[in-house]
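S.K.: Let's see this in three dimensions:
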Amino acid sequence: MRIISLLSALLVILSVSFTYELSGNFLTIPSGSRASALGGAYIGLADDVDSIFYNPAGIGLMPSTQLMVMHAQWFQSIKYENAGFAFPLKNIGNFGIGLRALIVGGIEVRDEPSDEPKETISTNHLDIIGGYSRMLTENISVGGNFHYIYQKIYEESAASVCADAGFLYTTNSRFFSIGAVVRNLGTKVRFIDEAYSLPLTFGGGVAFRLMDGRIVVASDVDYQKEGGATLRNGFETTIASVISPRVGINYNMNEKKFKYALGVGFAFSGFGFDYTFTPFGDLGQTHRFTLCYSFGRAREHIEREIEKQTYKELSEKEMMMANSLYQTGMNHYKEGRYEEAITTLDLALVWNPELEEAQVMIERAMEEKRANEIETHLRKAENYYSFGRISEAILESKLVLEVDPANSEALEMLRKAEAELERRQSKREEKIKELFDEALSHYSRGDYKKAIELWEKVLDLDPDNIDATNSIQDARWRLSDKSSELIRKAKKYEEAGNWLMALASWREVLDLDPSNKEAQEGESRALTSISENKNRLLSAGKDLYTSGNYEEAERIFYQVLEISPDNSEAKYYLEMIVKKREEEAREEAVDYYAIYLAGINAYTDHRYRTAIEYWKQIPPDSELYVKAQSNITRAQNILKKLD
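M.R.: Numbers count the residues shown, from 1 in each chain. Alright, predicted model coming up:
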């Protein structure tokens, strides 16, 4: 009888308390002040630690750890407490822990009617939640909860377990989200001999975050077998990132009743405080108070403040830089430096895109620059034409016409230049024929080097002239053959020890082909041998002179002059020999015939300078004079070829 009285009393109180009886309907009481103020419309909105009570998929969206505690003071001295904790683990997912407790105290126990109760008891309802959520993709999150439910009335208690499953889709910008959930799917609660089902709930919801989240609109619908369908709608706006007024409206299809809730939230540096007021008519009102903290939000708040300050400083710098660049650009414009003005004014627009006057001045500077460029190209065209640079004059005229197709001055210059170019083309063809014929003439005489030089001039005038190209190739082949022949001759002279003739041959090769390495090495080799021979001859000549053998000494010194015409020592000794001979001539008659023969001997030995010196001694009154002069001319011609 006593237990029945207790249960009856409890049922009365709980039925009054919004029908949250032994079946576990306390699980349907809205948790968290923010969600309560939004009428419980949190399935599609779920984005914080409160998500564990509404849609576990929502905790997967949390970037940082959150903690919340709530106290709700209900009518009839009923207390409702909440606590939640959610945290992310990198590469694993987000975890959540929740606690809900409904405490009904002051229940009087009587065995019979009396003024004073026998005792006063309380009933406790506890829900412990463990949740997990993970992002499947960048936009889709799923999650689930496991509940352990414990209820105690006086000395009787019961326990059960259940689970939730949730889904949430959110756009990249968080503008829109939609979710679905199944809650309280589990075992029955058994008190004494009677079992009660948990309030199995199916629900779905959507949410819109407008103006970067400063306005939130949420709408849910959920269904319970006993309670029917309930429409839930909530609205929230955030002012200055600190204050968030809220309102929620519910409509139950079975009861056909509207219920509403009002609330407000305050947030600063990671901390949050929320309050919700819910009226229940004659039963009274409920007040919910929530304190929460987001680990890392303090840092985020500081970072936002720093970002705001940085943005402010940047804005000021942008204005300062834009104005400074604008003034600099204007100075460039006034000085006629239009290209620099355009570049500087463009930078001003980069710093401040709304600086309309900079855009206007850019357009003006571009017009002025265009006019200047036209004038510059026209003057260049005139100068090029006057100096005979017709192709450049045509190019400059066309550059003007690209910018201003109707420019009469450019059109006239183009006409004149093209007419002159046509006249020159005809003259050029005549010049090409003249050069080609002259090159053929040199080619036929074996002067291949000169022929190549003339055909290259033809190619300067007409780079595509195939005949000139082929002729140059042929002449180079023949030039190569001629060089090869001269190289063979030079080597034969070297073998014979005739280094002067070898030197002459090597130099002929270099005249034909200055880059011929073999000829360069041969010339160097011949010069070295000649130098060595010169020194040896000088030494021998000096010895002969000292011994009084002037004739042999003279012959040797003339050989030195053949090798080195400017050799001062050889010249000195030759002068001394002449003096000696003059002295001897005074003593005895001169035998001019012997001198003439000595010249012939020197010529035969290729000592042409020595021969010339002998023949020069023949006086004009000698019958050998004419022959001597003829031989002198012949020897001089040979020396010219060697030099």
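S.K.: what about the closest residue to Thr610 other than its chain neighbours, how many neighbours?
M.R.: Nearest residue to Thr610 in three dimensions, chain neighbours excluded: Tyr558, at 2.9 Å (Cβ to Cβ, 6 or more residues apart in numbering). To be clear about C-beta, it is placed using only N, CA and C from the backbone, and glycine gets the same treatment. Neighbourhood size, Tyr558 [other Cβ atoms under 10 Å]: 24.
S.K.: shouldn't Tyr558 be in contact with Glu613?
M.R.: Yes - with contact defined as Cβ atoms under 8 Å, Tyr558 counts as touching Glu613 (6.1 Å).
S.K.: re the thing from before, give me the mean pLDDT for the host helix or strand of the residue nearest to Thr610.
M.R.: Element membership for Tyr558 (DSSP states H and E) is helix 550-563. Helix 550-563 comes out with an average pLDDT of 78.
S.K.: heads up, I number from 25, so please use that
M.R.: Yep, numbering from 25; the last one is helix 574-587 now.
S.K.: Tell me which residues of stretch 571-589 come out buried.
M.R.: 574, 577-588 (16 or more other Cβ atoms under 10 Å).
S.K.: Now for Asp471, how many residues are close by?
M.R.: 16.
S.K.: Kindly export the next helix or strand after the helix holding Tyr582 (C-alpha atoms) in PDB.
M.R.: Using DSSP H and E, the helix or strand that follows helix 574-587 towards the C-terminus is helix 592-611. Provided in PDB are the C-alpha atoms of helix 592-611 (Å, rounded to 0.1, in the frame of the first residue of the first chain):
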ATOM      1  CA  SER A 592     121.600  46.500 -88.700                       C
ATOM      2  CA  GLU A 593     124.600  44.300 -88.000                       C
ATOM      3  CA  ALA A 594     124.600  42.900 -91.600                       C
ATOM      4  CA  LYS A 595     124.300  46.400 -93.000                       C
ATOM      5  CA  TYR A 596     127.100  47.600 -90.900                       C
ATOM      6  CA  TYR A 597     129.500  44.900 -92.000                       C
ATOM      7  CA  LEU A 598     128.500  45.300 -95.700                       C
ATOM      8  CA  GLU A 599     129.300  49.000 -95.400                       C
ATOM      9  CA  MET A 600     132.700  48.100 -93.900                       C
ATOM     10  CA  ILE A 601     133.300  45.700 -96.800                       C
ATOM     11  CA  VAL A 602     132.400  48.400 -99.300                       C
ATOM     12  CA  LYS A 603     135.000  50.700 -97.700                       C
ATOM     13  CA  LYS A 604     137.500  47.900 -97.700                       C
ATOM     14  CA  ARG A 605     136.900  47.300-101.400                       C
ATOM     15  CA  GLU A 606     137.100  51.000-102.200                       C
ATOM     16  CA  GLU A 607     140.500  51.000-100.600                       C
ATOM     17  CA  GLU A 608     141.500  48.000-102.700                       C
ATOM     18  CA  ALA A 609     140.000  49.600-105.800                       C
ATOM     19  CA  ARG A 610     142.200  52.500-105.400                       C
ATOM     20  CA  GLU A 611     145.100  50.100-105.300                       C
END
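S.K.: So what touches the helix or strand following helix 592-611?
M.R.: Moving toward the C-terminus from helix 592-611, the next helix or strand (DSSP H and E) is helix 616-628. Helix 616-628 has contacts (Cβ atoms under 8 Å, 6 or more residues apart in numbering) with 575, 579, 582, 632, 634-639, 641-643, 646, 648, 651-652, 655, 659.
S.K.: Show me the contact partners of the following helix or strand past helix 616-628.
M.R.: Sequence-wise, the next helix or strand downstream of helix 616-628 (DSSP H and E) is helix 632-640. Applying Cβ under 8 Å, 6+ apart, the contact partners of helix 632-640 are 578-579, 582-583, 585-586, 589, 598, 619-620, 622-624, 626-627, 652-653, 655-656, 659-660, 662-663.
S.K.: center of this structure, which residue is that?
M.R.: The centre of the chain sits closest to Val374, judged by Cα atoms, centre = their mean, with a distance of 19.5 Å.
S.K.: Please identify the helix or strand for it.
M.R.: helix 362-375.
S.K.: in that helix, what counts as buried?
M.R.: Tyr362, Glu364, Ala365, Ile366, Thr368, Leu369, Leu371, Ala372, Leu373, Trp375.
S.K.: now stretch 148-161
M.R.: For stretch 148-161, the neighbour count (16+ other Cβ under 10 Å) marks His149, Leu150, Asp151, Ile153, Gly155, Tyr156, Ser157, Met159 as buried.
S.K.: which outside residues touch it?
M.R.: Under Cβ under 8 Å, 6+ apart, the answer for stretch 148-161 is 48, 50-51, 75-77, 80-85, 110, 116-128, 165-176, 188, 190.
S.K.: Burial check on Asp71, number of neighbours?
M.R.: 22.
S.K.: And for Leu69?
M.R.: Look at Leu69: counted by other Cβ under 10 Å, it has 30 neighbours.
S.K.: Just confirm it is within a strand.
M.R.: No - using DSSP: H, G, I helix; E, B strand; the rest coil, the assignment for Leu69 is coil, not a strand.
S.K.: Just the contacts of stretch 148-161: which are in helices?
M.R.: Ser75, Ile76, Phe77 (DSSP state H).
S.K.: and the residue nearest to the last one when sequence neighbours are not counted, which of the three is it?
M.R.: In space, and not counting its chain neighbours, Phe77 is closest to Ser55: 3.9 Å by Cβ to Cβ, 6+ apart. Here Ser55 takes the coil state, with states given by three-state DSSP.
S.K.: ok, now which ones touch Ser55?
M.R.: Contact partners of Ser55, counting by Cβ under 8 Å, 6+ apart, are Asp74, Phe77, Tyr78, Met94, Asn106, Gly108, Gly122, Arg124.
S.K.: Go again with 7 Å.
M.R.: Applying Cβ atoms under 7 Å, 6 or more residues apart in numbering, we find Ser55 in contact with Asp74, Phe77, Met94, Asn106, Arg124.
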